[in-house]
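Asker: Sharing a model prediction with you, sequence too.
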Amino acid sequence: MSRKRALVLGGTGMLAGCAEALVADGWHVVLPSRRYAPIPAVEHNGNGDGNGNGHRKALWVQATWSEPAALADGAARALGGPADLLVAWVHRTERISVLRAVAPLLAPQAPVVEVHGSASANPVGGCPDPVLDGHPTQQIVLGFVRHAGRTRWLTHQEISTGVLAGVRRALAGKPPAVHQVGEFRPVHR
């Protein structure tokens, strides 16, 4: 049985819950980032003792977006084969260079989930075009929550839940689309 491989860019911060869910679903997840943030997930060895003698299913790779080629090299070693899924939350200034650098690591037709902050999209112009032609792309735009006359940022849990819903749509082969999590922007009065 071949293992499913996911490359999650931005997965040690606000997408940690999404990465943890993929690991729990049996994915081998690679997390390139500046800071080490372990996801405590171990594949059990099959004898039911849960002693952790199995294989790790989440690997952190030291990387920065400002060095996309080095990021891709480290991710390639950690993946151990083509990625079946890419989830990417990369700042818009580095987004294109980083996604193009990791493109050769993806299996043909592997789905992509691009996550954007509300500043990256607007109601008139929409989202930036997906970077990786040839890969079906779900785009997630993160907004705000309005409650009791105030607005607030989304919590890490709300972000992970929204992105994971996009991942599930991507893995189900749904047509590429843009999905809003929360409201687009707070209304200033």
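Answerer: Structure's in. What do you need?

Asker: longest helix anywhere in this structure?
Answerer: Taking DSSP state H as the criterion, the chain has its longest helix at helix 156-171.

Asker: Report all helices and strands that the helix or strand bottoming out on mean pLDDT in the chain contacts.
Answerer: Here the helix or strand of the chain ranked lowest by mean pLDDT, DSSP states H and E is strand 144-147, holding a mean of 84. Identification of packing neighbours for strand 144-147 by 3 or more CB pairs under 8 Å, 6 or more residues apart in numbering; DSSP states H and E yields strand 150-153. Where you see a C-beta, it was placed from the backbone N, CA and C, and this is true even at glycine.

Asker: for the strand it packs on, the distance to its chain's centre please.
Answerer: With CA atoms, centre = their mean, to the nearest Å as the basis, strand 150-153 stands 24 Å off its chain's centre.

Asker: do stretch 11-18 as well
Answerer: For stretch 11-18 - counting by CA atoms, centre = their mean - the centre lies 8 Å from the chain centre.

Asker: Rounded mean pLDDT for that stretch, please.
Answerer: For stretch 11-18, mean pLDDT rounds to 84.

Asker: Mind jotting down where the strands sit in this structure?
Answerer: For the chain, the strands defined by DSSP state E occupy 5-9, 28-33, 58-62, 85-88, 112-117, 137-142, 144-147, 150-153, 178-181.

Asker: So Val90 sits against Arg100, correct?
Answerer: No. When contacts are counted by CB atoms under 8 Å, Val90 is not listed as touching Arg100 (11.1 Å).

Asker: Neighbour count for these two, which is higher?
Answerer: Val90 (21 against 13; other CB atoms under 10 Å).

Asker: Name the nearest residue to the more buried one, ignoring sequence neighbours.
Answerer: Distances taken as CB to CB, 6 or more residues apart in numbering put Val98 closest to Val90, at 4.9 Å, once the chain neighbours are dropped.

Asker: cool, and Pro111?
Answerer: Nearest non-adjacent residue to Pro111, counting by CB to CB, 6+ apart: Ala170, 3.6 Å away.

Asker: Kindly report the same for Leu31.
Answerer: Nearest residue to Leu31, sequence neighbours excluded (CB to CB, 6+ apart): Gly11, at 4.3 Å.

Asker: about what we covered before: these two touch, right, the residue nearest to Val90 and Pro68?
Answerer: Yes. Look at Val98 against Pro68 with CB under 8 Å: they come within range, at 4.7 Å.

Asker: Neighbour count: those two, which is higher?
Answerer: Val98 (25 against 20).

Asker: gap between the more buried one and Val131?
Answerer: Val98 sits 9 Å away from Val131, taking CB to CB, to the nearest Å as the criterion.

Asker: go on, Pro32?
Answerer: 16 Å.

Asker: neighbour count winner among the two?
Answerer: For Pro32 versus Val131, the count of surrounding residues by other CB under 10 Å is larger for Pro32: 26 against 19.
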